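>>> here's a sequence, model it:
(chains A, B, C and D)
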Number of protein chains: 2
Amino acid sequence: MKYSEAKEKYIQAWGTLGSSWGVNRTMAQIHALLMISTTPLSTEELMEELKISRGNTNMNVRALMDWGLAEKVLVPGERREYFKADKNVMNIGVQVAKERKRRELDPIIKLLNDITNVDGDTAEVKEFRKVTKDLQKFATQTESVLDLFIKSNQNWFFKILGKMR
Amino acid sequence: MKYSEAKEKYIQAWGTLGSSWGVNRTMAQIHALLMISTTPLSTEELMEELKISRGNTNMNVRALMDWGLAEKVLVPGERREYFKADKNVMNIGVQVAKERKRRELDPIIKLLNDITNVDGDTAEVKEFRKVTKDLQKFATQTESVLDLFIKSNQNWFFKILGKMR
DNA sequence: ATAAACTTTCAATATTATTTGAAAGTTCAA
DNA sequence: TTGAACTTTCAAATAATATTGAAAGTTTAT
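Below is the predicted model:
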């Protein structure tokens, strides 16, 4: 396969994947580009490559930095800011897990804690308590797995899991 | 907390969570309702409870069935179709993992297999190969974990993981 | 202090996803 | 068959989300 073709497919696929994972398409594509670049890229270069506006580029680069997936690089003697991505895939996985846990799982666990304490003893309420408690248990277990993954250095996590098969 | 309040919060939260997990809001809310209902619900009842149209209800109930999260219940002597959700939270987790693996991870692994075979030996292409191979490895490891989770009966998976801490 | 080089903001616009509801389709009892 | 009771479809409307680009803001060199 030709490089240009492979690159295009890769960026396109990353964008699609991103959007089904709570990350917007452009953000994922900028990340994809930074991942395969041999040097840090400027806003100009990102705009040029992805054919997107300055504002859009700026917003999504900042979002990537918020997620801990990219950082500024200052080149001595240059005004312009450059950006580079962390290329360690395991780190990326951990970072994404960490952020999504914080943004999604934590609030749900908090909510479930609140609502399992609903008053009443009708069949309806009993069922509600049962279901929400089950969900709470599952969410808490999921949280433990994520914490384990987040804390695990390198690929210890996968190594162990690999042995479990 | 009052039941009506808890219920509302729960349905609202489930909808929000769903949308950041590749499931649309209404689909998630229908699921939430079916989960806490003591009896199967009809299209009419879902429309009424969630204040949504017939078409919307129908589409999303079918989507839930596609995902293996709900099923039709035929009540003898009734024309109307009723729907109920699988209430086993672990099953739901497995089902969602299975579907998302099929819809998202599998295609990406396939793509990565293709594009890591890019031709060329420039620094650019070498970097591309390196990054995509790393991604491939990570995706494959993730696949193994998911397969393990999907195949694991009951909560064996979490039990083992729990011991790892 | 000025202006060039750059970054950030945000109201307007475009795109994408969801929802509606009426019409078409199906099933079944009589 | 017929028609009542129900389900499904899908084009159009609406809502949600992302993008643009020009203006405002900031930084740095002189």
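>>> point me to the residue of chain A nearest DNA strand D.
Relative to DNA strand D, the nearest point of chain A is A:Gly55 (1.9 Å; C-beta to the nearest atom of the strand). Just so you know, the C-beta spots here come from the backbone N, C-alpha and C atoms, and that holds for glycine as well.
>>> from A:Val61, how far off is that residue?
When distance is defined by C-beta to C-beta, to the nearest Å, A:Gly55 is 11 Å away from A:Val61.
>>> so between the two, which is more surrounded?
Shown here are A:Gly55 and A:Val61; by other C-beta atoms under 10 Å in any protein chain shown, A:Val61 has more neighbours (23 against 9).
>>> picking up where we left off before, close to DNA strand C, is the strand or helix carrying the residue of chain A closest to DNA strand D?
According to DSSP states H and E, A:Gly55 maps onto helix A:54-66. Yes: under the criterion of C-beta under 7 Å from any atom of the strand, DNA strand C is reached by helix A:54-66 at A:Arg54, A:Gly55, A:Asn58, A:Met59, A:Val61, A:Arg62.
>>> can you list these in JSON lines and add distance to B:Val131 and pLDDT?
Output for the residues of helix A:54-66 next to DNA strand C, formatted as JSON lines (distance: C-beta to C-beta, whole Å; pLDDT from 0 to 100):
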{"residue": "A:Arg54", "distance to B:Val131": "26", "pLDDT": "94"}
{"residue": "A:Gly55", "distance to B:Val131": "28", "pLDDT": "94"}
{"residue": "A:Asn58", "distance to B:Val131": "24", "pLDDT": "95"}
{"residue": "A:Met59", "distance to B:Val131": "24", "pLDDT": "95"}
{"residue": "A:Val61", "distance to B:Val131": "19", "pLDDT": "95"}
{"residue": "A:Arg62", "distance to B:Val131": "23", "pLDDT": "93"}
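>>> got a markdown table for those residues, with distance to chain B too?
Compiled in a markdown table, the residues of helix A:54-66 next to DNA strand C are given as follows (distance: C-beta to the nearest C-beta, whole Å):
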| residue | distance to chain B |
| --- | --- |
| A:Arg54 | 25 |
| A:Gly55 | 24 |
| A:Asn58 | 24 |
| A:Met59 | 19 |
| A:Val61 | 19 |
| A:Arg62 | 20 |
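>>> cool, thanks, signing off.
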